[in-house]
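Peer 1: Provided below for reference: sequence and predicted model.
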Amino acid sequence: MISEEEVWLNLNEATNSIGNLILHLNGNVRQWILSGLVGQPDTRKRQEEFDAQPGSLAKTDLIHMLDQLEAEVQEALQNVSPDDLLRKRSVQVFEESGLSILVHVVEHFSYHVGQITYIVKSIKNEETHYYGGQNL
């Protein structure tokens, strides 16, 4: 629904662009699930997610990044056992169970998707129709 320029639109210094939020979500999921839960190396550089400037990545690159992340997480979660969900491990400065890692990521992702949705609706003055055609 939004243009390349609008992906990187930052309304003020207290907010983030959609592009920065997508980079942040990618970094968070990789750190918490792929590294924290599954054990891949943690290569996250959190500040870079917010420092990226307009034009850093095209809209199609950001979409591809999320598609690739989804595929990697789906594959990784196939190998998570019930014991993995109960075992404690360190993520950032926190000591978390596998289950609390999953809850954190779902909550965090949902929060920022809500922000992105609000930005899109504000820019376009249109509904996103996430549930279009559904009899809720």
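Peer 2: Done, it's in.

Peer 1: Isn't E5 up against P54?
Peer 2: Yes. Look at E5 against P54 with C-beta atoms under 8 Å: they come within range, at 7.3 Å. C-beta here means a position set from N, CA and C on the backbone, and glycine is covered the same way.

Peer 1: Give me the more crowded residue out of the two.
Peer 2: Between E5 and P54, counted using other C-beta atoms under 10 Å, P54 has the larger neighbour count: 14 against 10.

Peer 1: Tell me, how many residues neighbour the nearest residue to V91 once chain neighbours are set aside?
Peer 2: Ranked by C-beta to C-beta, 6 or more residues apart in numbering and with sequence neighbours excluded, the top spatial neighbour of V91 is G36, at 3.7 Å. The number of residues packed near G36 is 21, by other C-beta under 10 Å.

Peer 1: Surely G36 touches I101?
Peer 2: Yes. With contact defined as C-beta under 8 Å, G36 counts as touching I101 (5.4 Å).

Peer 1: Determine which residue lies closest to the centroid of the protein.
Peer 2: In the chain, the centroid-proximal residue (C-alpha atoms, centre = their mean) is L25; its distance is 2.1 Å.

Peer 1: tell me the SS of S90?
Peer 2: The three-state label given to S90 by DSSP: H, G, I helix; E, B strand; the rest coil is strand.

Peer 1: and it, how many residues sit next to it?
Peer 2: If you count neighbours by other C-beta under 10 Å, S90 ends up with 10.

Peer 1: same check, this time on A52
Peer 2: The burial count for A52: 17, using other C-beta under 10 Å.

Peer 1: hang on, the earlier thing: between G36 and I101, what contacts are shared?
Peer 2: With contacts defined as C-beta atoms under 8 Å, 6 or more residues apart in numbering, the residues shared by G36 and I101 are 89, 91.

Peer 1: any chance you could map the helices in this structure?
Peer 2: 4-7, 18-29, 46-51, 59-77, 82-86, 98-124 (DSSP state H).

Peer 1: Y130: which of these is closest?
Peer 2: helix 98-124 (7.8 Å; C-beta to C-beta).
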